[in-house]
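Q: Sharing a sequence plus its predicted fold:
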Amino acid sequence: MKQFSDLTPSAERIVDAAEGLIQTLGYNGFSYEDVAKIVGIRKPSIHHHFPSKMELGAVVAQRYTHRFREALLHVEGTVSKAPARLRAYADLFEATYEKSRRLCICGMLGAEADSLPQEITAQVKRFFSVNLEWLTTVFAEGMAEGSLKSGHSAAELAEAFMCTLEGALVVGRGWPQAHGPRRSAEVLLAALAP
């Protein structure tokens with residue numbers, strides 16, 4: 001399978017188009033014809049880079065996970081306290097939300113998991129594993145330093161926090177009055193303040 005780091009500029013444009021389509025329509029909602037229209041090429045050119053839609057979808061999820069992981073490393077390197085790190089994490093979701101109420105790639109793919117090829121669901125699981133591991137560490141540090149307080153474990157808080165943000169994207173898309181991920185994060189963090 002192709003790796004996102006091996007993409008040519010042409011293949012990168014195809015992945016960019018597929019990413020936007022997945023965020024708005026889901027994996028099962030787009031075709032190579034849709035990608036061809038966005039990129040301005042013919043379908044055979046897409047097949048040259050990505051012989052199967054499965055491979056394209058897996059590369060989209062792989063690249064998204066890599067970018068998200070880089071963003072988490074940036075937060076670690078620039079933000080010291082756990083509550084501020086968690087706000088910065090929520091801002092990553094908010095940035096996606098602000099792009100025409102798009103959804104997280106892996107959240108959208110997770111909703112379609114039962115109908116996706118195993119290669120794509122493996123990438124989705126990797127995304128959630130990376131996020132939960134990072135969040136668990138942040139919650140544990142916050143409870144250890146006293147900036148967060150809860151009777152729940154760090155792992156339980158991590159899962160609840162991530163699920164809240166993913167859910168805020170979905171609800172915000174269907175209910176225009178919703179406040180989005182940042183507001184949802186603030187409500188949860190206020191409840192965890194010592």
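A: Received, thanks. Just so it is clear, the structure is predicted and the values come from calculations on it, not from any experiment.

Q: Now do the buried residues in stretch 133-143.
A: Buried residues in stretch 133-143, counted by 16 or more other C-beta atoms under 10 Å: 134-136, 138-143. C-beta: built from backbone N, CA, C; applies to glycine.

Q: Please disregard the earlier target; I meant stretch 121-129.
A: Buried, per 16+ other C-beta under 10 Å, within stretch 121-129: 121, 123-124, 126-128.

Q: Next: stretch 8-16.
A: 11, 13-16.

Q: Where does the prediction get shaky in the protein?
A: Applying pLDDT under 70 to the chain flags the ranges 1.

Q: who's in contact with the residue most central in space within it?
A: Among the residues of the chain, the one closest to the centroid is Cys104, at 4.0 Å (C-alpha atoms, centre = their mean). By C-beta atoms under 8 Å, 6 or more residues apart in numbering, the contact set of Cys104 is 23, 93, 96, 166, 169.

Q: export the residues you listed to CSV and tack on secondary structure and neighbour count?
A: Below are the contacts of Cys104 laid out as CSV (DSSP: H, G, I helix; E, B strand; the rest coil; neighbours: other C-beta atoms under 10 Å):
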residue, secondary structure, neighbour count
Gln23, helix, 22
Phe93, helix, 24
Thr96, helix, 21
Glu166, helix, 21
Leu169, helix, 23
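
Q: so which of the buried residues of stretch 121-129 comes closest to Tyr32?
A: Ranked by distance to Tyr32 (C-beta to C-beta), the buried residues of stretch 121-129 are led by Gln123 at 19.4 Å.

Q: Wait, the closest one touches Arg63, no?
A: No - Gln123 lies out of contact with Arg63 (C-beta atoms under 8 Å); the separation is 9.4 Å.

Q: how about stretch 70-85: buried residues?
A: Neighbour-count burial for stretch 70-85 [16+ other C-beta under 10 Å]: 72, 75, 79, 82-85.

Q: distance between that stretch and the chain's centre?
A: Here the centre of stretch 70-85 is set off from its chain's centre by 17 Å, with C-alpha atoms, centre = their mean, to the nearest Å.

Q: likewise stretch 35-44?
A: 25 Å.

Q: So for that stretch, first residue to last residue, what's the gap.
A: 11 Å (C-alpha to C-alpha, to the nearest Å).
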